[in-house]
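1. Here is my input, please return the structure:
(3 chains)
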Amino acid sequence: MKKNNLILYGGLLIFGLVAPFIFPAFKLQISFLWILIVLAMTWDVQGGQMGYNTFGNILFFGVGMYICASTQIGMFFPLAEWTEAGGEKTFIHTAPQYFQGFFAGLILAGIIPMVIAGLIGYGILGLRGHYFAICTLGLGIAAGEIAGGIEIIGAGQGLTMPPWPKNIGDTELRSEFFYFICFTLVVATFVFLKWAYSTRFGLVLNAIRDNEDKAEAMGIYTMRYKIIGWMVSAFFVGIAGGLMGNMVGYIEPVEVAFAGPTFGVFMVLMAILGGKGTLWGPVIGATFFHLFKEGFWTFFLGWQYVALGVLIVVIVVFFPEGIMGWLREKYPERFGEVIDEADRKAQVILK
Amino acid sequence: MKIKNFIITFVSAIALLLSTTTISLAKVVGDKIILGAAVSLTGKYSTNGEHTKNGYNFAVDRINSMGGIKVGGKTYKFDIIYYDDESNSGRAAQLAERLIKQDGVQYMLGPYSSGLTKAIAPVTEENKIPMVEANGASRSLFTKGYKYLFAVLSAANQYLEVAIDLAVEKNGGKPIKIAMAFEQDAFSQDVRIGVVDAAKRTGSKITIDDKLPKELNDMAATLAKVKATKPDVLVVSGHSKGALTAIRQIAEMKVDVKMLAMTHCDASKLAKQHGKNSEYALCAAQWHKTLSYKDKFFGDGIKYDKEFKAEFGYAPPYQAAESSAALLVWKDAFERANSLDKDKVRDALSKTDMQTFYGNIKFSPAGQNIAKPMVLFQVRCEGDKCENKVVAPTKWAAAELVHPIPKWSDR
Amino acid sequence: MPPLIGGIFFMDLLIFQAPILMVQASLDGILLGILFALIAYGMALQWGVMNIINIAQGELVIMGGYIAYFMYMTGIHPGFGIIVSPIIMFFVGWGLYKLVINKVVDRDLFISILATFGISILTQQLMNFIFGSDVVVAQSNFGTTMLFDGMVTLPNAKIFAAIVSIVFAIGLVAYMRKSKLGRAIRATAQNARAAKILGVDTEKVYAATFGINAALCGVAGSLIAITFTLHPYVGLPYTVRSFMIVIVAGLGNLPGVALSGMGLGVFEEFADYILGTEFRIGSVFMLLVFILVYRRFKLSRKREYLK
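-> Numbers count the residues shown, from 1 in each chain, chains lettered A, B, ... in the order given. You can find the predicted model right below:
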């Protein structure tokens, strides 16, 4: 069985590494897919594993995006002049400046949302159920509205990202560069979460989902785990946001950064579509969703949001367990017990 | 452990799907020159997106039926690939990437609104794809050193500068007090810069400088402040929503100012929706049908207006006219370049100097159209029928500017 | 005009220099708040009875507004929208219940949030197709009431809106007290199972409740059509406002709903004057977060005390 695992992961890794060279036209498209997978997986930490349905992870996405952009620009040039409406001056990043700024920005884009999650976590994660859901929804939208009023980051007219430095290669190189960063991020997220779920931490999260009061009664300080879980999500989502900002090249507060109605909902939908509370569910859900969206979406020309609305209703009402849940129900012997091989053996012995 | 098999199957299926998807290099197919455009068919800009699309289609049909484009002795026709950008700048950038990388488009048309153009411009620039856009007026588009961006319209900061000058002139050259309320978006904030510059130039004082949110539907607070401070000019810009909200509440609150300057009056059908309440509002526009420009495809503005109405069933707002003009520019550039090579066409574009029914077009090195002035019109009513009448520049003026606006108590 | 120094915005203090503006702001806020309270009352009703949070509440409001607008376009005074719109919306609500909502009634609240979110996206888009994304207004020509020598103005349309809201709210309360259906609804809200055993057709009660909620939204919508502007994408702020009002007031507490509605209206107007219009919506959402977090700390204190 270990061998099988190795083949799978090795295969996926190789696929990820060579994909940009086999499908050169789809490089950025696949990079977006990696980002979506990260969003879905990190949403699942709260929504699936912990049972806290958040709409607010988009907050960290936007904060990460703005932090990354501000660092990239602010390290070398006055940020206020860069974003000044119709600013007269043109600033050009040299190649070393660009990469220094980019990596510094990306690191901060992970750390600062994580700190924010830690700070607000105590207040917000104390809410239960739908109050939590609505509160985080409000948080995400408020952040977008407030960012739209702050002038130093471009306010409502948005922030243009520094362009790819001239004379170090063409756009193909740029796409490849971002592709591999995104791929690294998705691999790192997956490996980290796989490890985290296998530890006591993962068990506590599940305990919180199944019965928080009991978990508390058993002496687990649940709040600490909830906050740590949120910080983990915030870290990866923040980096994803920083990357997304660079890939899109233009940050708009409510449409790109704090994009509640698009990415904010997509991440929930993808995780539910794939099957929440599973490791692979969000990955599969995001892939299906992205394929569906890019494959058919553009042909609807205007009807896609009707289709999305119907899709949400259908998935949520008729299909709330997602693809993984469906597979488990249909083929319990194949998909029912996926992780706990040792456990199953132990059970057999017990009998 | 079968789940692994399932995933392997799944991944290979995707790989197969991707590799079999043929990537058509669609820059020229047969006798068709393919242009790419992401326009807003859904979302908050969908009406204006529709105007843009109709403007494009109208011109494509006209050019194709009048002999097409002659390049290198061969005749080509235009065709446009449309995507819906959902009025979302992130999506617009993504679709521009898709048009260029997956559909192989080599020539782009712009989306509607400054914000979306700002989102697409970095993508076309990185890929060195020339784009002629007709609906992105933000000045920041022209200060980033873009080489492949060409705008047929005047920059946003020119929209209401003239109005301020006019107000100062009417005030006997003495400085005035200005109150302004601008939506938080790329376009309106640029209009604001123009007004601020004009205020500085004339020594005028800005007493209120409010920003309106995008979901605005109530600006009573701003107007109450205007009532309390009594400025000479009130400037409002916030797309159609801003114009309609402002007029409604100005009428309700009986706000008296000497001049009310706005944008998007014709796109929001202000005169029709608000009737007499909108009278005397002064509006900036890129184009008006009574202007005396001519070309051989559409004749003049009046003719364009009539034929557009016959085709689409409504009078063309300037958003449609400028979109049509963008295709005339493309045709002209292709024929002068006499080549389909995108860089040669780009060079030809930069040397454009022509007249269209929409106005003269000549690009500055930054890609901005510098040959066309803005027009101002004022909403004027006869009985219950209200119309937009051009009041400036004086060359085309159809009516005298009414200044100051009569007080509400006298109307 | 919050001046901006180094990225930090300062408050606009004009309102304190001209106290008359405070009167204006308070009156505007109260009139606005009564309208919000009407929407919130519908939400409280269906939340209390069916245990559903309806994210599409705002879209129902806008839909009701479009009905009034449509009447206005055909030459009927939009004021009559307050009669026609609730009738049509009642059936829309009923249909919506039969199609989707009945499948999420007994489920997790999050399911209802997501499902109604889907409905909200769907209706936005359908309204966009039917009515276009143009911003539209309906003219009531009610005129304006001037106070304090014209310094404070109250559009009669807003006063009309407030009065109509109050009339409908009182009418509904009376209906809930007196009529058979009203009693059935209240019984179901208290204990659905017991009501069922005692012969109440809960399915019908649920459908009627959702219909009444939609009808209230219809009234509010047609009032919004004559006081503000309509377009397909402005629903969400109304949903959030009504949600907030309900949380603050609690379920089934009509005076509370009215009071917190007015409080919210006044808060919004003052936020608008002091922080600047650009932070108006943002401050509403921030207030929501603060209220929820405040509530959580209050409740957790209570929990500790109980221990």
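2. So the longest helix seen in chain A, near chain C or not?
-> When chain A is parsed with DSSP state H, its longest helix is helix A:95-124. Yes. Helix A:95-124 comes into contact with chain C (CB under 8 Å from any CB of the partner chain), by way of A:123-124. Every C-beta, even on glycine, is put in place using the N, C-alpha and C of the backbone.
3. What is that helix packed up against?
-> helix A:57-74, helix A:129-147, helix A:222-248, helix C:280-306 (3 or more CB pairs under 8 Å, 6 or more residues apart in numbering or on different chains; DSSP states H and E).
4. mind redoing it with 10 Å?
-> Applying 3 or more CB pairs under 10 Å, 6 or more residues apart in numbering or on different chains; DSSP states H and E, one finds that helix A:95-124 contacts helix A:57-74, helix A:129-147, helix A:171-198, helix A:222-248, helix C:280-306.
5. can you give me the mean pLDDT across that helix?
-> Averaging pLDDT along helix A:95-124 gives 92.
6. And that helix, what's buried?
-> The neighbour-count check on helix A:95-124 (16 or more other CB atoms under 10 Å in any protein chain shown) flags A:97-98, A:100-102, A:105-114, A:116-117, A:120-121, A:123-124 as buried.
7. For the spatially most central residue of chain A, pull up the helix or strand it's in.
-> Using CA atoms, centre = their mean, the residue of chain A that lies closest to the mean C-alpha position is residue A:39, 1.7 Å off. Taking DSSP states H and E as the definition, residue A:39 sits inside helix A:27-44.
8. so does that helix get close to chain B?
-> Yes. For helix A:27-44, a contact with chain B is found by CB under 10 Å from any CB of the partner chain, at A:27-30, A:32-33.
9. is that helix up against chain C anywhere?
-> No. Between helix A:27-44 and chain C, judged by CB under 10 Å from any CB, nothing touches; the nearest distance is 12.6 Å.
10. Stretch B:112-123 too?
-> No. Counting by CB under 10 Å from any CB, chain C is not contacted by stretch B:112-123; separation bottoms out at 11.2 Å.
11. Listing request: residues of chain A with sub-threshold pLDDT.
-> When residues are selected by pLDDT under 70, those of chain A lie in A:1-2, A:85-89, A:298-302, A:333-351.
12. Tell me which residue of it lies closest to chain B.
-> Nearest to chain B in chain A, going by CB to the nearest CB, is residue A:156, at a distance of 2.6 Å.
13. Leaving out sequence neighbours, find the closest residue to that residue.
-> Spatial nearest neighbour of residue A:156, excluding adjacent residues (CB to CB, 6 or more residues apart in numbering or on different chains): residue B:184 at 2.6 Å.
14. before we move on, back to that, redo the residues of helix A:27-44 next to chain B as CSV? Include neighbour count.
-> Listed next are the residues of helix A:27-44 next to chain B as CSV, based on neighbours: other CB atoms under 10 Å in any protein chain shown:
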residue, neighbour count
A:27, 24
A:28, 24
A:29, 20
A:30, 21
A:32, 22
A:33, 22
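15. Of these, which is the nearest to residue C:254?
-> Distance to residue C:254, by CB to CB, is smallest for residue A:32 among the residues of helix A:27-44 next to chain B, at 48.9 Å.
16. neighbours around residue B:172, how many?
-> 6 (other CB atoms under 10 Å in any protein chain shown).
17. can you confirm it is in a helix?
-> No. Applying DSSP: H, G, I helix; E, B strand; the rest coil, one finds residue B:172 to be coil, outside a helix.
18. I'd guessed the residue of chain A closest to chain B sits against residue B:115; true?
-> Yes. Using CB atoms under 10 Å, residue A:156 makes contact with residue B:115 at a distance of 8.5 Å.
19. and which of the residues of helix A:27-44 next to chain B is nearest residue B:155?
-> For the residues of helix A:27-44 next to chain B, the nearest to residue B:155 is residue A:28 (30.5 Å; CB to CB).
20. isn't that closest one right up against residue A:178?
-> Yes. Between residue A:28 and residue A:178 there is a contact under CB under 10 Å: 7.2 Å.
21. what residues are shared contacts of those two?
-> Each of A:20, A:247 lies in contact with both residue A:28 and residue A:178 under the rule CB atoms under 10 Å, 6 or more residues apart in numbering or on different chains.
22. so where do the strands sit in the stretch 51-200 of chain C?
-> C:144-147, C:152-155 (DSSP state E, counting those that start in this stretch).
23. Make a markdown table from those strands and add mean neighbour count, mean pLDDT and distance to chain B to it.
-> Output for the strands of the stretch 51-200 of chain C, formatted as a markdown table (neighbours: other CB atoms under 10 Å in any protein chain shown; pLDDT from 0 to 100; distance: least, CB to the nearest CB, whole Å):
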| stretch | mean neighbour count | mean pLDDT | distance to chain B |
| --- | --- | --- | --- |
| strand C:144-147 | 14 | 78 | 5 |
| strand C:152-155 | 22 | 83 | 4 |
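24. Tell me which of the ones you listed sits nearest to residue B:218.
-> Nearest of those to residue B:218, taken as CB to CB: strand C:152-155 at 11.2 Å.
25. Residues touching the closest one, excluding its own?
-> By CB under 10 Å, 6+ apart, the surrounding residues in contact with strand C:152-155 are B:220, B:223-224, B:227, B:248-249, B:251-255, C:20-28, C:31, C:140, C:142-147, C:161-162, C:226-227.
26. Pull up the pairing partners for that strand, direction included.
-> strand C:144-147 (antiparallel) (DSSP bridges).
27. coming back round to it: what residues are up against the residue nearest to residue A:156?
-> Per CB under 10 Å, 6+ apart, neighbours of residue B:184: A:145, A:148-149, A:151, A:154-158, A:253-254, B:211-214, B:216, B:238, C:277-278.
28. Next up, phi/psi of it, please.
-> Taking degrees, to the nearest 10, you get phi -80, psi 70 for the backbone angles of residue B:184.
29. Roughly how far does it sit from residue B:86?
-> From residue B:184 across to residue B:86, the span is 20 Å (CB to CB, to the nearest Å).
30. Residue A:145 against residue A:253, yeah?
-> Yes. At 7.8 Å, residue A:145 counts as touching residue A:253 under the criterion of CB under 10 Å.
31. joint contacts of these two?
-> Common neighbours of residue A:145 and residue A:253 (criterion: CB under 10 Å, 6+ apart): A:156, B:184, B:214.
32. Out of the residues you listed, which is nearest to chain C?
-> Nearest member of the shared contacts of residue A:145 and residue A:253 to chain C, counting by CB to the nearest CB, is residue B:184, at 5.4 Å.
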